[in-house]
Each structure stands twice: as C-alpha cells, then as structure tokens.
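**Student:** Coordinates for the following, if possible.
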Amino acid sequence: MSSTTSRVVAALGLSAVLAFAARGQDGAPPAASPAVPPFEAYAQRIPGTTVEFKMVPIRAGEFRMGSPESEAGRRADEGPQRTVKVSAFWMGMHEVTWDEYEQWQFSLELKRRAAERELTSEDKAADAVTRPTKPYTDMTFGMGKEGYPAICMTRLAALTYCEWLSARTGHYYRLPTEAEWEFAARGGTTTRFSFGDDATSAEEFAWFDKNSAGKTQPVGKKKPNPLGLHDMHGNVMELCLDQYAPYAAAEVTLEDPWLAPKTVYPTVARGGAWSTAVDELRSAQRRASERAWKQKDPQIPQSRWYFTDALFVGFRVVRPLKEPALETRQLIK
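**Tutor:** Numbers count the residues shown, from 1 in each chain. Just a heads-up that it's a prediction; the model follows:
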C-alpha cells in the first residue's frame, strides 16, 4: 500500500475509502465489481467440506450510535451519540464456530481436498493465504468445540480467516465495522438491549456470568434479536475492524464510519461475553483489546495468532451487498 493510500485510509470512513479506491491511483477505472446478488438469507457451505453457516440480510438504514447520558450502566466512551448511515450487508447468524474456523486453522479442508481430487483455481487462491502457527495448547481450553464459538484468536487471525474464506467461497467476507455491528445488534431498537431496557429477560437472549456455567455455550441456542441474529448479546465478545478511540462529536450524519487501525492495540470488541455482567451486554457497550490478552503465552516471541488470555473473544463475519473490487479489499483491514 502506498504512503498516500495509507494516509487516506487512516483519515476517512469506509465509504470514503471505497470512493477513493474506485478513482484509481493513476486515474484508470477500477476492475469491475461482482454483480449484486439477490438480497436474502442464505446458507454458505465451505467448498470441499460439509461445514456451512447462515447469513442474514441487514438492510441499509440510519440509527443513533452510542448511548444517551441517561442510559443505566452507560460508560463515557459510548458518547457523544452520533447519527450514522449504514449500507446494506449480510451478517453471520451467529459467531464463527470451531467447525468453520478449524478448516482454515488446521488446514483440514486442504488435506481432505489433496486426498480426493485435483486442485481448482479457487483452491489454489485459498491455499495461498497464510495459516496460523500451531497453538501451544488446546485453544478451546475445554469449553467445547463442535457447535461452539471459536475463541482466543487475534484480530490478525480473524482478518486472515476472512481472507481465506473469501478466496475459498468466491464471496467477500470480512469483519464488521463497529457501526455495522451496533446497527445490526440493535435491530431497529433504541433501548439498552435489543430486547428492551429491562435486564430481567436477559437469560432468554444471552449467555453471561449468571447463566453460562463459567464457559462458552453452543451458538444459536438463545432467542434471536429482531433481525434474526443470535448471540449478539453475550457468549463471546466480537472483534470489529475499528481502532478503539473515544467518539468525536459529529455535527453531520456519518456514512459507513470506520476508524482504520494505526496500531495493534487497542481495537474494538463488542457484545459482552459468557464471563461478563449483564450491563456489559448492552448494544452500545464497547471493549478495547489489550496486550494483556496474550500475557500467558509462553512462546518467545509471543504468537501473533492467539489471545491466550481472552477466552471470551470471538468474531462473526459480514458480507457487503455491494462487494468492492479485489484491489480495494486490500485497503479494508
């Protein structure tokens, strides 16, 4: 990436980055983007495997991001509120599971394909994506694997998984921006939680410290939010694309805002987890990643792939309705 491009990425929101990239650095028109597909729910099978996951359409809209000063449990970093417009995208119905994640992490689908057939061009593109080093221990930490959310990955690992998944499927998957995440989590609501202001019904919608038995739980077992998304509150916190920083006051409506990271820490995680109190499940709740999340990693140097102390961290994927051209995707990380 050129220094000029880097400065633009750091300074502008996601929609502005896409517009900048569309002009081309030399003024030439960009490569054509894929045709816009039907905007409806679908199940995505990972080619070469029997593993699939479901994607839910999130229609474009406008909302108030952050929380009002009157909200119970509010933290200072949730304001000032800003008006935000979000473009249409799909979001995973639930968090990425170990069933999905290990196809990339341990090259399971690669080994299966090599034994069964010749590699296609899509296979070769996916195989060119970096895979993580072997973890020093079982990263489930005994919490459960089949049907459970994958945990303990760094933001780099989540981004690289998305790159592999995109190459493997032919569709563009990435982490959500913080604005996309909150827009989807709220599902049109303005209350503390997507199920209202009262936390007494939280156990119907979320896994948290009072009902999780001290561990992650299988995905999709609690009631969904108004958009049909499960586990947006609790189970695992979810990594986002953005650098973590205080909100700046915004006098105008922001379109697809995204704060491109300049440093490894801190970046944003959202949603609360199996280990957190109910107030931390609120739709506006923010969490900053920190170096201490890999404090117990005994490897020297410490792995860039695993958060050994963040058993509460996972992620889910999104797919924008209008997919950017391939060269533009390299700017969105």
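**Student:** mind listing what residue 332 touches?
**Tutor:** 14, 17, 174, 241, 258, 324 (CB atoms under 8 Å, 6 or more residues apart in numbering). Every residue, glycine included, has its C-beta placed from N, CA and C.
**Student:** Could you find the closest non-adjacent residue to the residue nearest the centre of the chain?
**Tutor:** Taking CA atoms, centre = their mean, the centroid of the chain lies closest to residue 175, which sits 3.5 Å from it. Nearest non-adjacent residue to residue 175, counting by CB to CB, 6 or more residues apart in numbering: residue 241, 4.8 Å away.
**Student:** tell me the SS of the one you found?
**Tutor:** With DSSP: H, G, I helix; E, B strand; the rest coil as the basis, residue 241 sits in strand.
**Student:** Then residue 44?
**Tutor:** strand.
**Student:** Starting from residue 104, give me the distance back to it.
**Tutor:** Using CB to CB, to the nearest Å, one gets 14 Å for the distance from residue 44 to residue 104.
**Student:** Check the contact between residue 303 and residue 294; I expect there is one.
**Tutor:** Yes. The criterion here is CB atoms under 8 Å, and residue 303 meets it with residue 294 at 7.3 Å.
**Student:** tally of neighbours for the residue nearest to residue 175?
**Tutor:** Look at residue 241: counted by other CB atoms under 10 Å, it has 26 neighbours.
**Student:** ok, it - contacts?
**Tutor:** Contacts of residue 241 (CB under 8 Å, 6+ apart): 174, 175, 176, 177, 178, 258, 260, 261, 268, 332, 333.
**Student:** what about it, distance to residue 302?
**Tutor:** The value you get for residue 241 to residue 302, if CB to CB is used, is 23 Å.
**Student:** Then residue 158?
**Tutor:** Distance, residue 158 to residue 302, using CB to CB: 17 Å.
**Student:** neighbour count winner among those two?
**Tutor:** Neighbours per residue (other CB under 10 Å) separate residue 158 from residue 302, with residue 158 holding more: 25 against 14.
**Student:** The more buried one and residue 71, how far apart?
**Tutor:** Distance from residue 158 to residue 71, by CB to CB: 29 Å.
**Student:** got the contact list for residue 197?
**Tutor:** Counted by CB under 8 Å, 6+ apart, residue 197 has contacts 72, 191.
**Student:** i'd like the first residue to be 698 from this point on
**Tutor:** Sure, I'll start numbering at 698, so the last one becomes residue 894.
**Student:** Show the pLDDT at it.
**Tutor:** pLDDT recorded at residue 894 is 98.
**Student:** ditto for residue 818
**Tutor:** The model's pLDDT for residue 818 equals 61.
**Student:** burial count for residue 749?
**Tutor:** 12.
**Student:** what's near enough to touch it?
**Tutor:** 740, 741, 742, 743.
**Student:** Can you check the pLDDT for it?
**Tutor:** 97.
**Student:** Point out where the stretch 898-1030 of the chain drops to low pLDDT.
**Tutor:** For the stretch 898-1030 of the chain, applying pLDDT under 70 flags the ranges 993-998.
**Student:** can you map out the helices along it?
**Tutor:** 899-902, 1023-1026 (DSSP state H, counting those that start in this stretch).
**Student:** list the buried ones in the first one?
**Tutor:** By neighbour count with 16 or more other CB atoms under 10 Å, helix 899-902 contains the buried residues 899, 900, 902.
**Student:** And stretch 751-764, by the same measure?
**Tutor:** So for stretch 751-764, counting by 16+ other CB under 10 Å, buried means 752, 753, 754, 755, 760, 762, 763, 764.
**Student:** possible to save the contacts of residue 1029 as CSV with distance to residue 947?
**Tutor:** Below are the contacts of residue 1029 laid out as CSV (distance: CB to CB, whole Å):
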residue, distance to residue 947
711, 15
714, 18
871, 24
938, 19
955, 14
1021, 24
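**Student:** Which member of those residues is positioned nearest residue 844?
**Tutor:** residue 871 (23.7 Å; CB to CB).
**Student:** Dig out what that closest one forms beta bridges with.
**Tutor:** When bridges are called by DSSP bridges, residue 871 pairs up with residue 1015.
**Student:** What does the pLDDT read for it?
**Tutor:** Per the predicted model, pLDDT is 98 at residue 871.
**Student:** My understanding was that it contacts residue 1013; is that so?
**Tutor:** No. Residue 871 lies out of contact with residue 1013 (CB under 8 Å); the separation is 10.9 Å.
**Student:** Mind checking which of those two has more residues around it?
**Tutor:** Using other CB under 10 Å as the criterion, residue 871 and residue 1013 rank with residue 1013 on top: 28 against 22.
**Student:** Tell me if I'm right that that one and residue 786 touch.
**Tutor:** No. If you go by CB under 8 Å, residue 1013 and residue 786 don't touch, sitting 11.7 Å apart.
**Student:** Overlap of the contact sets of the two?
**Tutor:** residue 873.
**Student:** and of the buried residues of helix 899-902, the nearest to residue 879?
**Tutor:** Closest to residue 879, out of all of the buried residues of helix 899-902 and judged by CB to CB, is residue 902, at 16.2 Å.
**Student:** contacting residues for the closest one?
**Tutor:** 890, 891, 892, 919, 920, 922, 930, 931.
**Student:** one more time with 7 Å, if that's ok
**Tutor:** 892, 919, 920, 930 (CB atoms under 7 Å, 6 or more residues apart in numbering).
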